[in-house]
Each structure stands twice: as structure tokens, then as C-alpha cells.
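Asker: need a 3D model of the sequence below.
(2 chains)
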Amino acid sequence: RKEVEQDPGPFNVPEGATVAFNCTYSNSASQSFFWYRQDCRKEPKLLMSVYSSGNEDGRFTAQLNRASQYISLLIRDSKLSDSATYLCVVNSGAGSYQLTFGKGTKLSVIP
Amino acid sequence: DGGITQSPKYLFRKEGQNVTLSCEQNLNHDAMYWYRQDPGQGLRLIYYSQIVNDFQKGDIAEGYSVSREKKESFPLTVTSAQKNPTAFYLCASTNRRVLPNQPQHFGDGTRLSIL
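Answerer: Down below sits the predicted model:
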């Protein structure tokens, strides 16, 4: 079983749409969860951390379900500038600073 | 501004040659990491270092070597033993003094190709 699994996409959505990405992880001891954004041929950049209570940052909402080992990212009112690959990232176990990266879900927002 | 600087941005390697990728950070982070990314693939961990003068192998360390003589610097050498070195190499760092939810911050990468 892959450690961090994501739907590779691509997700092609019109501007203004709401889009949701899902991610599952296999290590039940993981404590830290993140969504990163990676533009084409660029480095990954932290989009947001994911907290147990769920958290929101503007148009972006992240949710964590520890029982199901499932993380989600919701993007509302999609903009052209949201086009990128979104990486689900999980730390490698209790107390570990190592991160395990999903392969990413590609999003294209179309005018 | 604090950050992570990788150089060069592009690098070409001749067959049988060792090349070294530079990674410098001024974030005062203890932990530093090297990843490799192939097209359409996720990041794979090559080596990491949690403190000066100490480092550990990641998932794909064969054909690579590192050193950590200074807190700010974590150079990666791609040796001739690495038969498929063409990839995007990313250096990252993190503050080990904070848990949980401590992300890693990345440099802007080095693209390595074989001549």
C-alpha cells in the first residue's frame, strides 16, 4: 500500500468552481499533515497545515479524519492562478521530522 | 530575507563525472534534506541531516553522498555510481525545535541532466 495516496487528476474546472482533493495515508502514527502547492518546474511551497479540528485560509479549507486516515483540501471560487499540482504531505511517524509526499493532484482552472 | 539557496539552477554532468549541488540556508534550521523528483513523480528522500556532522540515508541514497560541516550548508554530490541522475533536485530545511505541524521549506531546486 502506498504511504500517501492521491488522485493524480488532472482536474479541469472552470473559473469560480469548487474543487475538492482527497488524500489517504497509511501510517497511523503520523502527527503532522500539510498541503503543498507546486507550480510547473518550481519547488513545492507550503499552502497550509492541516489540523484535527479542520482549518480554513480564505478560499481554502483543509480537513483531517484520523480514524479514516484521510485528508482533504477544498478550494472555493477557483481562480486561474490556482492552477498547479497540489501535494498531500504527512510526517513519517510519531515525533518524526521526515515527511512523506504524495505524487500530487494536478489542477487546471479554465477561463 | 531568510531562505534556502540552491545552486546552480541547471547542471550538466558528463559520464563518469562527480558533480556537487550546493544548498545554503540562513533560517537557523537544524534539519536539512535532499530530495529527488522525477517527472510525474513524488519527492523521494535521498539524505537528511538533523544536526551538524551527522546525516542519515534516505530511501534512495545509492550513488549520492553528502556532508554537513556547517549548520547552514548541506551539499549533495552526485557520483558516477548514480547511473540515472537526470532529475530535479530539491533541498529543504525545517526547525526541529517545534512540533507538531512543522513544515519543510524548499530551495528553488537544481535541474541536473546528463550530457
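Asker: next, the buried residues of the lowest-mean-pLDDT helix or strand in chain A.
Answerer: Comparing helices and strands within chain A by mean pLDDT, DSSP states H and E singles out strand A:99-101 as the least confident, with a mean of 91. Of the residues in strand A:99-101, those buried by neighbour count under the rule 16 or more other CB atoms under 10 Å in any protein chain shown are A:99, A:100, A:101. To be clear about C-beta, it is placed using only N, CA and C from the backbone, and glycine gets the same treatment.
Asker: equivalent analysis for stretch B:15-30, please.
Answerer: Going through stretch B:15-30 with 16+ other CB under 10 Å, the ones that come out buried are B:19, B:21, B:23, B:24, B:25, B:29, B:30.
Asker: show me those residues that map onto strands.
Answerer: With DSSP state E as the criterion, strands contain B:19, B:21, B:23, B:24, B:25 from among the buried residues of stretch B:15-30.
Asker: next, give me the two most distant ones among these.
Answerer: The largest distance within these, taken as CB to CB, falls between B:19 and B:25 and amounts to 20.5 Å.
Asker: picking up where we left off before, list of residues touching the helix or strand following the least confident helix or strand of chain A?
Answerer: Using DSSP states H and E, the helix or strand that follows strand A:99-101 towards the C-terminus is strand A:105-110. Surrounding strand A:105-110, the residues in contact under the criterion CB atoms under 8 Å, 6 or more residues apart in numbering or on different chains are A:6-15, A:17, A:19, A:21, A:75, A:78-86, A:88.
Asker: what's the PyMOL syntax to select whichever of those are buried?
Answerer: Buried members of the contacts of strand A:105-110, identified by 16+ other CB under 10 Å, are gathered into one PyMOL selection as follows:
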select buried, chain A and resi 6+11+13+19+21+75+78+82+83+84+85+86+88
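Asker: low-scoring stretches of chain A, by residue?
Answerer: Residues of chain A meeting the criterion pLDDT under 70: A:1-2, A:94-96.
Asker: likewise for chain B?
Answerer: For chain B, the stretches flagged by pLDDT under 70 are B:1, B:97-101.
Asker: who in it is up against chain A?
Answerer: Contact residues of chain B with respect to chain A, defined by CB under 8 Å from any CB of the partner chain, are listed as B:31, B:33, B:35, B:40-43, B:45, B:48, B:50, B:88, B:90, B:94, B:96, B:99-109, B:111.
Asker: returning to that earlier point: mind listing what the least confident helix or strand of chain A pairs with, with the direction of each?
Answerer: Looking at strand A:99-101 with DSSP bridges, its paired strands and their directions are strand A:84-91 (antiparallel).
Asker: using CSV, write down the CA coordinates of the strand it pairs with.
Answerer: Written as CSV, here are the backbone C-alpha positions of strand A:84-91 (Å, rounded to 0.1, in the frame of the first residue of the first chain):
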residue,chain,number,x,y,z
ALA,A,84,-0.9,23.9,-10.1
THR,A,85,-0.2,20.5,-8.6
TYR,A,86,-1.3,20.0,-5.0
LEU,A,87,0.8,17.7,-2.8
CYS,A,88,-0.5,15.9,0.2
VAL,A,89,2.3,15.6,2.8
VAL,A,90,2.4,13.6,6.0
ASN,A,91,5.1,13.2,8.6
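Asker: if anything else comes up later, I'll come back, but that's it for now.
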